[in-house]
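Undergrad: I'd like to go over a predicted model; first the sequence, then the structure.
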Amino acid sequence: MPPEIVALGEPMLEFNAAEEGTLAEARGFLVGWGGDTSNFVVAAARLGGRAGYFTRLGDDEFAESFLKLWRDEGVDASRVVKDPKAFTGIYFISRKGGDHYFTYFRRGSAASLMTPDDLPADYIRGARLLHVSGISQAISLSACDTVFTAVALAREAGVLVCYDPNLRLKLWPLSRARAIIHQTAAQADLVLPSLEDARQLTGLEAPEDLGRFYLDLGPRIVVVKLGAEGALLATPAGIERFPGFKVQAIDTSGAGDAFDAAFAVGHLAGWPLERCVRFANAAGALTSTGLGVVGAIPRRPQVEALLAQEV
Ligand code: ADP
């Protein structure tokens, strides 16, 4: 059965320094999987969605690690392309004085070399929802073109387009990011920015104003993610805030990706939007309670249990 949810972007293996200190001082690393859109498909699959991923990988051991991850998680990776001339991206995380430092080795990666010709058009047309992000667009000009082509293919085929701006100013300057991100948001059905990203992109402050701003660009549904405060839903029918779940958050990385995936799974199941937001808030909250991203992404029963507690 072809996947209902297809995402497109760059996966990267994560090396997280085991001890506090600079990267130069690090002696041991915890290895994990990262990349926002890969996190998204893993979360979608854990939450009960039929998910597939498109990317390009190097012909290396990191690629094998990802292929095994997706196989183990039930994410379809049958259309992933391997490029023997390029490498799979990686990044390092170090911690000092409460701050995290990220060092990336992704420029020239196999994923960043993707072009519109690589796209599995039938795969996208056969899905019900396509998920892309600003990071997928920021990694290279050809990846940006690929995302626009994928979005156009999805729209022509009546496939819902789900978009997370995921602003990374290390990858592109704000003025270019804003132009591309807002152009893409205008073509999406669901737009799911985080509060900080939306503030930087628009210069607006209040979540309600941000919801209205993105709604005015054209999508049917906007959800602004508010971290521990939960989320704000904006549709032409109105704007409403949904409080976050009270949890012991220790590492929020990946919470936004899990939120997006949960919302998409709920929406495809035909749930009312309010239920989708609560489900997504619960999935995001649970992801923030574990270290690392993939290990912390909850499965459906954990999310249901948290939802049941709050009633
Ligand atoms: P991003 O990871 O994109 O920056 P957020 O930090 O806003 O996004 O988190 C995404 C979602 O995860 C939030 O909207 C919320 O539902 C949930 N979440 C994140 N942090 C917490 C927290 N400390 N407590 C409860 N829920 C959280």
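TA: All right, it came through fine.

Undergrad: Let me see the ranges of the strands in the stretch 51-200 of the chain.
TA: Secondary structure of the stretch 51-200 of the chain by DSSP state E, counting those that start in this stretch: the strands cover 51-54, 56-58, 81-83, 90-96, 99-105, 129-133, 160-164, 190-191.

Undergrad: Those into a markdown table, with extra columns for mean neighbour count?
TA: The way it works is simple: take the backbone N, C-alpha and C, and place the C-beta from them, glycine included. Formatted as a markdown table, these follow (neighbours: other Cβ atoms under 10 Å):
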| stretch | mean neighbour count |
| --- | --- |
| strand 51-54 | 28 |
| strand 56-58 | 22 |
| strand 81-83 | 16 |
| strand 90-96 | 17 |
| strand 99-105 | 12 |
| strand 129-133 | 28 |
| strand 160-164 | 25 |
| strand 190-191 | 26 |
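
Undergrad: Would you mind listing what in this protein touches the ligand?
TA: 194, 225-228, 230-231, 244-245, 247, 249, 252, 255-256, 259, 281, 284-285, 288 (Cβ under 6 Å from any ligand atom).

Undergrad: Now list the buried members of those residues.
TA: For the residues of the chain next to the ligand, a neighbour count by 16 or more other Cβ atoms under 10 Å gives the buried set as 194, 225-227, 230-231, 244-245, 249, 252, 255-256, 259, 281, 284-285, 288.

Undergrad: Let's see which of those end up in strands.
TA: 225, 231 (DSSP state E).

Undergrad: Residue 69 touches residue 31, doesn't it?
TA: No - counting by Cβ atoms under 8 Å, residue 69 stays clear of residue 31, with 11.2 Å between them.

Undergrad: who's more crowded, these two?
TA: residue 69 (18 against 12; other Cβ atoms under 10 Å).

Undergrad: Do you know the pLDDT at residue 311?
TA: Here the pLDDT value assigned to residue 311 is 54.

Undergrad: which element is residue 303 on?
TA: Taking DSSP states H and E as the definition, residue 303 sits inside helix 300-310.

Undergrad: My error: substitute residue 39 in the last question.
TA: Using DSSP H and E, residue 39 falls in helix 36-46.

Undergrad: isn't residue 302 right up against residue 285?
TA: No - the pair residue 302 and residue 285 does not pass the contact test of Cβ under 8 Å, sitting 10.4 Å apart.

Undergrad: Who are the contact partners of residue 128?
TA: By Cβ atoms under 8 Å, 6 or more residues apart in numbering, the residues touching residue 128 are 4, 5, 159, 160, 268.

Undergrad: partners of the second one in the sheet?
TA: Residue 5 forms beta bridges with residue 51, residue 129, as assigned by DSSP bridges.

Undergrad: likewise the fourth one?
TA: Each beta-bridge partner of residue 160 is listed here: residue 129, as defined by DSSP bridges.

Undergrad: Any idea how many residues pack against residue 28?
TA: Around residue 28 sit 9 other residues, with neighbours defined as other Cβ under 10 Å.

Undergrad: for residue 220, same thing?
TA: 13.

Undergrad: Output stretch 4-12 in CSV, but only the C-alpha positions, please.
TA: Extracted in CSV, the C-alpha atoms of stretch 4-12 (Å, rounded to 0.1, in the frame of the first residue of the first chain):
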residue,chain,number,x,y,z
GLU,A,4,-0.7,8.4,2.7
ILE,A,5,1.9,10.8,4.1
VAL,A,6,5.0,11.7,2.2
ALA,A,7,7.7,14.0,3.5
LEU,A,8,10.8,15.3,1.7
GLY,A,9,14.0,16.8,3.1
GLU,A,10,17.4,16.0,4.6
PRO,A,11,18.1,13.4,7.3
MET,A,12,21.3,13.8,9.3
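
Undergrad: And it, how far out from the chain middle?
TA: In this view, stretch 4-12 has its centroid 8 Å away from the chain centroid, taken as Cα atoms, centre = their mean, to the nearest Å.

Undergrad: quick one: average pLDDT of that stretch?
TA: Rounded mean pLDDT across stretch 4-12 is 98.

Undergrad: Repeat that for stretch 67-75.
TA: 98.

Undergrad: The ligand versus residue 136, what's the distance?
TA: 15 Å (Cβ to the nearest ligand atom, to the nearest Å).

Undergrad: can you check residue 210 too?
TA: Counting by Cβ to the nearest ligand atom - residue 210 and the ligand are separated by 12 Å.
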